[in-house]
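Asks: sequence plus predicted model, see below.
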Amino acid sequence: MSHFFPTTEYAEDQTLSRTILTTHVLSRGFELGSAIGLLSRGTRSLIKRQSPTAASLLRAASTGGIIGTCCVGVGLVGRMWGREEIEWKDRSWRLRNNQGQLAIDNWSEPAAALGAVAGASGYFSGPTGWRGVVGGAGVGSLVGVIGCMCASRIFPSRD
């Protein structure tokens, strides 16, 4: 998201504010849903004393990602219903000017794309088709977020 949308000097001038905020919320919902799906599947495997397979993890990540996206989409509509345009502009402008958020975007988006390609190709020996693509994108996105967090600890910025 960070490279696709323009940013302005002042919040009042922010263009594409609804698109920026909606994209951000839906992508974070996808990541959250994928994480919950993976944790749920991992916990179930521990309880049953089985090791989870790549196929079961991709299915869990894809299902969780879709459910998470839908849930936060409904939450976004509920939260922003009837809000003034300046509120949309202010929230999207703050997202575009938050360095931590930009770093997360710069790591999670390419990792999600790589995960989707790996999932589609059957690299994980899991499901192919839409479940492989969506599950791979969810896992890749989470790996990107974790990579960003680790990199920020190893190489702290000198602002």
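Replies: Everything's here; your move.
Asks: residue farthest from the centroid of the chain?
Replies: The outermost residue of the chain, judged by C-alpha distance from the chain's mean C-alpha position using CA atoms, centre = their mean, is residue 49 at 29.8 Å.
Asks: pLDDT weak spots in this structure?
Replies: Along the chain, segments meeting pLDDT under 70 span 1-2, 124-128, 158-159.
Asks: biggest helix in it, by residue count?
Replies: Secondary structure assigned by DSSP state H gives helix 17-48 as the longest helix of the chain.
Asks: can you spell out which helices and strands pack onto the helix or strand just after that one?
Replies: Next in sequence after helix 17-48, counting helices and strands by DSSP states H and E, comes helix 54-80. Contacting helix 54-80 under the criterion 3 or more CB pairs under 8 Å, 6 or more residues apart in numbering; DSSP states H and E are the following elements: helix 17-48, helix 130-154. Where you see a C-beta, it was placed from the backbone N, CA and C, and this is true even at glycine.
Asks: now find how far off-centre the helix or strand following helix 54-80 is within its chain.
Replies: Tracing the chain C-terminally past helix 54-80 and defining elements by DSSP H and E, one meets helix 85-96 next. What separates the centre of helix 85-96 from the centre of its chain is 19 Å, taken as CA atoms, centre = their mean, to the nearest Å.
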